[in-house]
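> no sequence for this one, just the structure:
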């Protein structure tokens, strides 16, 4: 790109800024002021967000298409309409009591780029598609990436009948029909987006951790998306006993055994880290039974979750083997039973190295600071990458993490991300 082109990049940040505020104002969480937003997948709030984005896109001349599950495709035509398009997008659903930017930033960035190019009267080399994807948040359905899987032809009608929404217990098929979509159309496996015919998929997203804030860098270029190993229904079963009358050597203490397992697993994590392996480990839930526990009881049961993530499938497999061995040893030592339960997870997703190199070079041309970093959370980008689409992710600096009402992305950082993606689109061949 020439210096003239660099200095004249002008994404429609004003439109994105107004839409952030409008979507948030129209989709508040029912808990009231200060509780953030709530846009359940295939619920009223998600539809409101889609309608607002669609209205602005069509108002500015973008071609509009809604696919089988309601994901929104807004296209700015390029010079060569037969060439593979660049798709820019993310999701518009949110977790309960979520924030204004998770998911939404990626959709509105695509819109800001497309409308900005239209305002500049610049026709990009290829079509630019802004994609607002349905149902990314696993908080709502017992399946991940409903919208992106459907768009790529990876979701069947049978899947839609089996998948259930957590708050209603009703099927995805029921919720699709209620939202005005015909789930039987999923019997046709033809994808709305043919992976072989996409030049690139770019997902911008607020960073969900503190690294960019800590490093004082506005943007992150994602090196890969961590896969996961999960035990969602683990249990430790011991025996209830009186806390004052039962000596230590006669106890079968579920709490102590669970604590020992957590500490042993943390020690394993430290060993893997010391060996230079990418890994994170979390116990997000840990409970005794409120119907049976008491201040003066040795606990007879705990339930807990285990979430392990890594960029390497091999690392996940080896950590899992060590974890299971530790669970067996601790169960024997403490006289309890540890049941990890069904194992679920996801495969690590590889980001396109050439795209990262190009984005890094363009960022240098634009004097935008970037940091190469992994994504610890799953994203729709993982599905596109897994389907063979050249994929990149850009993280935008964000205070207070994500999935909470205090998400705090600066529009100046968002604008830098939009300029970078616009530059990438103009450089496409």
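Alright, I've got the coordinates. All figures in this text were calculated on a predicted structure; none of them were measured in a lab.

> Distance check, residue 417 against residue 88.
Going from residue 417 to residue 88 by CB to CB, to the nearest Å gives 11 Å. Any C-beta I mention is one placed from the backbone N, CA and C, and that applies to glycine too.

> any common contacting residues for those two?
109, 204 (CB atoms under 8 Å, 6 or more residues apart in numbering).

> Relative to the helix or strand harbouring residue 89, what are the paired strands and their orientations?
Using DSSP states H and E, residue 89 sits in strand 86-91. Within its sheet, and counting by DSSP bridges, strand 86-91 is paired with strand 128-133 (parallel), strand 200-206 (parallel).

> Next, report how far that strand is displaced from the centre of its chain.
Distance of strand 86-91 from the chain centroid (CA atoms, centre = their mean, to the nearest Å) equals 13 Å.

> So what's the residue count around the residue nearest to residue 26 when sequence neighbours are not counted?
Nearest residue to residue 26, sequence neighbours excluded (CB to CB, 6 or more residues apart in numbering): residue 48, at 5.1 Å. Using other CB atoms under 10 Å, the number of residues around residue 48 comes to 16.

> What residues does residue 48 make contact with?
23, 26, 27, 39.

> Got the confidence number for the last one?
Put plainly, it is residue 39. Residue-level confidence at residue 39 comes out at 96, pLDDT.

> Show me where the stretch 201-350 of the chain has its helices.
In the stretch 201-350 of the chain, the segments counted as helices under DSSP state H, counting those that start in this stretch are 211-215, 254-274, 313-334.

> again with the stretch 1-150 of the chain
Taking DSSP H, counting those that start in this stretch, the helices of the stretch 1-150 of the chain run over residues 3-7, 13-26, 44-59, 104-119, 146-151.

> For stretch 181-194, the averaged confidence score.
Regarding stretch 181-194, the rounded mean pLDDT is 93.

> what comes into contact with that stretch?
For stretch 181-194, the surrounding residues in contact (CB under 8 Å, 6+ apart) are 65, 67-71, 73, 87, 131, 150-157, 159-161, 172-173, 176-177.

> now do 6 Å
With contact meaning CB atoms under 6 Å, 6 or more residues apart in numbering, stretch 181-194 is reached by 67, 68, 70, 151, 152, 153, 156, 157, 160, 173, 176.

> and the gap between the nearest residue to the first one once chain neighbours are set aside and residue 148?
Nearest residue to residue 67 in three dimensions, chain neighbours excluded: residue 192, at 3.8 Å (CB to CB, 6+ apart). Residue 192 sits 10 Å away from residue 148 when distances are taken as CB to CB.

> again, but for residue 411
As for residue 411, its distance to residue 148 is 27 Å (criterion: CB to CB).

> and the two? which has more neighbours close in?
More neighbours surround residue 148 than the other of residue 411 and residue 148, with 31 against 13 (other CB under 10 Å).
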